[in-house]
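Enquirer: Pasting the sequence and the predicted model now:
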Amino acid sequence: MAPNEEDSNHVKLESAYSNLKFILQNSKKLDQSLGKMDQKFDLLEESLATTSRRVTPLQSLAMANKALETRINRAVSPALALLDSFKISESLQHKLLGLSSKLSTEITPKNRLKKLVNYVDCVDQLNAAIKSISQEGEPVIQRLQEVVEFISRTKATDQYGAQRLRETLTTLKALYETEVDAMRFEGLLDEALLNMQDEYESILQQIRHKNIGDQSQQLAGNETDEEGNTASDLGSELQVEVLRRISETLAANDCLDICIDIYIKVRYRRAAKALMKLNPDYLRTYTPEEIDEMEWESLETAIALWIKHFELAVKKVIVSEKKLCNQVLSKIMDGVVWPECFVKISDKIMAVFFRFGEGFARSSKEPQKLFKLLDMFDSLEKLKPEFAEVFDGEAGADICTRFRELEKLLVHASSKLFWEFGLQIEGTSDGFPPPQDGSVPKLVRYAINYLKFLAADHYSSAMAKVLRTEHIWKAGILSNSETDDNLLKDAISNIMEALQRNIESKRSRCRDKILTHVFVMNTYWYIYMRTRNTELGKLLGEQYMRKKYKIVAEESAYVYQKQTWGPLLRILEKEELKKQGKEAIGGLVRDKIDTFLRGFDEMSQRHRECYSIPDIDLREQIREATVKLVVPIYTDFLDSYSGLLQRKSYTSPEKLQGLVGQVFDGGYVKVRRRGSTDRMVGRSSASAEEEIKGFRRSRSNASDV
């Protein structure tokens with residue numbers, strides 16, 4: 001190896017030795033430093049442990065203080081809000097006292113109502129404040145109770161502080177339990193509610209039904225008054241608003257029952273008093289026995305008033321009360337209350353009208369009552385849609401039921417009375433003959449005028465509807481029945497047939513044949529002429545009336561003429577004279593004349609005393625027919641044998657014609673058989689049968705009986 005290389009390696013080794021030595025020295029120093037540091041860490045760790053042991057109680061105390069602060073804040077914040085509510089309540093009570101003072105001194109009605117609105121607002125605010133106190137008080141006390149228990153359990157404060165907190169809790173609890181109840185039930189709020197009840201009743205009393213006696217205004221629902229209210233409005237808008245506010249306030253303060261009682265009591269009295277202005281004294285008589293004892297004129301007047309007043313009560317008074325009730329009470333309990341209140345107001349009023357109608361329907365079934373029953377039934381039928389609308393809903397179900405029950409009573413009573421009328425006519429076949437003068441019986445006159453009245457437009461529709469309703473009840477609503485007109489026609493035809501059977505029964509008991517025909521002629525002619533060109537005649541039909549009555553009357557007139565004057569005219573027959581000689585014929589002619597005149601005198605007297613033809617036109621036609629029957633035959637006989645009667649004078653044909661006329665005038669004139677100065681006038685003869693067959697009557701001038 002070269003010397004230079006050896007020197008270089010030697011230098012490197014020395015350098016490495018030197019570095020290694022330096023490193024070892026530094027490592028030794030570092031080791032010494034680490035040893036010292038480890039000793040310091042041990043000391044530090046020991047110090048930290050000591051510090052930790054000393055700080056831990058302070059940390060627990062801080063956490064306890066934080067929890068106490070949270071609990072106190074949770075109790076204090078509601079307590080402060082409760083105190084604010086007490087302050088608000090106190091200020092509202094002062095305000096309420098001031099409003100009450102102003103209200104008591106206000107005289108003007110409109111201003112008083114405006115102040116009353118402010119008064120109600122203040123009461124509502126006071127009630128809200130008291131309710132807030134009532135609702136917040138118990139939670140506030142509960143939270144304070146929790147704080148006191150926490151402090152007592154944790155001893156987070158000194159004994160003196162805890163004692164003061166317990167005393168505060170006790171005081172607040174006692175204050176809440178006594179003052180809140182007093183504020184709700186014994187304080188100014190209670191007094192204000194009593195005042196509002198008085199004001200409520202007073203305003204309801206002031207609202208009255210106006211112009212109740214003016215029918216034209218009462219039933220015109222769209223008319224307005226000076227204030228712009230419709231005819232069915234009660235009270236001004238301000239009155240209604242105040243009543244509504246008071247109702248809601250009373251209901252919110254557990255006074256709903258009192259509010260309803262006041263409303264029903266006052267409004268019923270107001271409605272009843274309005275109707276009392278119409279003087280419905282007749283409504284006090286309502287039992288069937290009492291109604292039967294009433295005079296007919298009084299009963300007619302009572303029913304007419306009942307119809308008018310019932311309609312007025314429903315269309316005017318009750319409708320107005322319903323509208324007011326809805327306006328005042330509709331917002332209470334979601335609108336459940338007001339229909340019941342309205343029905344309670346209306347029920348007593350409607351009951352009075354129902355009671356009278358039911359009493360009349362149950363009274364004795366006298367024929368003339370049929371028309372009053374139909375009047376009542378027709379009025380209910382016309383009123384039914386509006387009545388159902390006024391008393392709609394579940395609340396008015398009972399009143400609507402009673403309305404329908406009254407209609408049923410009227411239908412049953414009307415139909416029963418109608419059918420019984422026919423039975424009464426047929427049942428009067430009492431075995432007695434016709435009237436002694438052959439005139440129309442009172443029963444026939446009554447029955448015909450009764451049926452004419454019933455067939456008139458005013459009653460025919462109502463009677464037909466009654467018959468229809470009764471038919472439906474018996475046969476069912478799906479029954480295939482006749483029209484209303486046919487039902488009425490058949491029903492009236494049955495009564496006419498019953499009347500005809502009654503007439504025929506009397507006819508069969510008459511022993512005087514002439515009287516029989518006078519009676520039948522008078523009666524059937526009366527029936528035909530009184531029904532001709534009337535609604536009754538149109539209903540039954542002209543062909544029916546002619547066949548049943550006119551033809552029968554004409555046949556009876558023919559037989560009457562034949563049996564009355566026929567035997568008298570047979571005295572003047574010439575067949576017997578033609579067989580006699582000239583010497584005997586003169587005496588026989590004179591005997592015939594004398595016998596004829598004597599018979600004529602007797603027949604005239606008998607006519608005047610026994611027979612009557614009340615109808616003027618019928619009497620005139622019978623007179624003309626008798627003149628045409630008797631006078632020509634008498635004239636012909638005189639003309640034929642005038643030569644045999646030259647020395648003697650007899651009643652002239654002109655005189656006989658006058659005497660025949662007087663027979664039917666009711667005057668008494670005795671014919672002159674001898675000594676008459678009247679001249680004899682020749683007449684052409686005519687067949688008696690042809691004259692009677694020519695008998696017709698055009699029309700009657702006699703008035704209905």
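Expert: Sure thing, it's come through.
Enquirer: contacting residues for the nearest residue to residue 301 once chain neighbours are set aside?
Expert: Spatial nearest neighbour of residue 301, excluding adjacent residues (Cβ to Cβ, 6 or more residues apart in numbering): residue 282 at 7.5 Å. Any C-beta I mention is one placed from the backbone N, CA and C, and that applies to glycine too. Residue 282 is in contact with 298, 301-302, 305-306, 356, counting by Cβ atoms under 8 Å, 6 or more residues apart in numbering.
Enquirer: want to throw the residues you listed into JSON lines with distance to residue 519?
Expert: Output for these, formatted as JSON lines (distance: Cβ to Cβ, whole Å):
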{"residue": "298", "distance to residue 519": "38"}
{"residue": "301", "distance to residue 519": "39"}
{"residue": "302", "distance to residue 519": "40"}
{"residue": "305", "distance to residue 519": "43"}
{"residue": "306", "distance to residue 519": "43"}
{"residue": "356", "distance to residue 519": "44"}
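Enquirer: Restricted to buried residues, select the residues you listed in PyMOL.
Expert: The following PyMOL line selects those of the contacts of residue 282 that are buried, judged by 16 or more other Cβ atoms under 10 Å:
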select buried, resi 302+305+306+356
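Enquirer: so how far is the helix or strand where residue 567 lies off the chain centroid?
Expert: In this assignment (DSSP states H and E), residue 567 forms part of helix 551-570. Chain-centre distance of helix 551-570: 60 Å, with Cα atoms, centre = their mean, to the nearest Å.
Enquirer: what is the rounded mean pLDDT of that helix?
Expert: Average pLDDT, helix 551-570: 87.
Enquirer: for it, packing partners?
Expert: Judged by 3 or more Cβ pairs under 8 Å, 6 or more residues apart in numbering; DSSP states H and E, helix 551-570 is in contact with helix 513-531, helix 582-610, helix 616-640, helix 688-693.
Enquirer: Just checking, which helix or strand succeeds the third one along the chain?
Expert: Next in sequence after helix 616-640, counting helices and strands by DSSP H and E, comes helix 653-665.
Enquirer: okay, the angle between that following helix and helix 551-570?
Expert: Helix 653-665 and helix 551-570 are oriented at 140 degrees to each other (axes from the mean of the first three to the mean of the last three Cα atoms, to 10 degrees).
Enquirer: and helix 653-665, average pLDDT?
Expert: The average pLDDT for helix 653-665 rounds to 82.
Enquirer: Over to stretch 372-391?
Expert: Computed over stretch 372-391, the average pLDDT equals 94.
Enquirer: Kindly export that stretch (C-alpha atoms) in PDB.
Expert: Extracted in PDB, the C-alpha atoms of stretch 372-391 (Å, rounded to 0.1, in the frame of the first residue of the first chain):
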ATOM      1  CA  LYS A 372    -166.000  25.600   7.400                       C
ATOM      2  CA  LEU A 373    -164.000  22.400   7.500                       C
ATOM      3  CA  LEU A 374    -163.200  22.800   3.800                       C
ATOM      4  CA  ASP A 375    -162.200  26.500   4.400                       C
ATOM      5  CA  MET A 376    -159.800  25.400   7.100                       C
ATOM      6  CA  PHE A 377    -158.400  22.500   5.100                       C
ATOM      7  CA  ASP A 378    -157.900  24.700   2.000                       C
ATOM      8  CA  SER A 379    -156.100  27.300   4.100                       C
ATOM      9  CA  LEU A 380    -153.700  24.600   5.500                       C
ATOM     10  CA  GLU A 381    -153.100  23.300   2.000                       C
ATOM     11  CA  LYS A 382    -152.100  26.700   0.700                       C
ATOM     12  CA  LEU A 383    -150.000  27.400   3.800                       C
ATOM     13  CA  LYS A 384    -148.300  23.900   3.800                       C
ATOM     14  CA  PRO A 385    -145.100  24.800   1.700                       C
ATOM     15  CA  GLU A 386    -144.300  27.900   3.800                       C
ATOM     16  CA  PHE A 387    -145.100  26.100   7.000                       C
ATOM     17  CA  ALA A 388    -142.700  23.300   6.100                       C
ATOM     18  CA  GLU A 389    -140.000  25.800   5.200                       C
ATOM     19  CA  VAL A 390    -140.400  27.700   8.500                       C
ATOM     20  CA  PHE A 391    -140.300  24.600  10.600                       C
END
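Enquirer: Sounds good, over and out.
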